[in-house]
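Novice: sequence unknown, structure follows:
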């Protein structure tokens, strides 16, 4: 059974029709919208600051979402895809973002809407990733504009994860 627990009297709050895998962990000041999914071994730790997640966002296997005490909350928009093993820490991800597998996004970074952070990229503190572009590397830098097929993927991928989640309900 998933670990969903209060920290200092504050419990996670989830919207309708969310999927939480049996070994996912959600603790503390976490608020997620409708249709979100939290996959196997994902950790969403709102113990030291708040975590806000919009509708239809997915936190894939082994991903970690955390924040920094009294300094950096984490805000994740709607239709956001956080890839396997990614670390999202004290930053803002706006709507229709894809964070690739193993990517790291640090405190006070902002990933604007319709943006892709490539697998393995490291987005340093206070970096702003501009809408409509792919960011890759260590440290992450703007590589190229998102293609029409990638724009379409950013619109479709959250729905795919809602379908996958339905298989487990």
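Specialist: Here it is on my side, so go on. Keep in mind the model is a prediction, meaning the values are calculated, not measured. Numbering: from 1, shown residues only.

Novice: sec struct for residue 154, please.
Specialist: Put simply, residue 154 is helix when judged by DSSP: H, G, I helix; E, B strand; the rest coil.

Novice: Now do the contacts for it.
Specialist: Contacts were defined as Cβ atoms under 8 Å, 6 or more residues apart in numbering; by that measure residue 154 touches 79, 81, 96-98, 114, 116, 146. Heads up, the C-betas are built off the backbone N, CA and C, glycines and all.

Novice: among those residues, which are in helices?
Specialist: Among those, no member falls in helices (criterion: DSSP state H).

Novice: residue boundaries of the helices in the protein?
Specialist: 148-166.

Novice: just to revisit the earlier point, among the contacts of residue 154, which one lies nearest to residue 33?
Specialist: If you rank the contacts of residue 154 by distance to residue 33 using Cβ to Cβ, residue 79 comes first, at 10.2 Å.

Novice: what's the spacing between the closest one and residue 129?
Specialist: 16 Å (Cβ to Cβ, to the nearest Å).

Novice: quick one on the thing from earlier: for the contacts of residue 154, could you give me CSV that also reports neighbour count, distance to residue 140 and pLDDT?
Specialist: What follows is the contacts of residue 154, written out as CSV (neighbours: other Cβ atoms under 10 Å; distance: Cβ to Cβ, whole Å; pLDDT from 0 to 100):
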residue, neighbour count, distance to residue 140, pLDDT
79, 24, 21, 98
81, 24, 17, 98
96, 22, 18, 98
97, 27, 13, 98
98, 25, 13, 98
114, 20, 16, 98
116, 27, 11, 98
146, 18, 15, 98
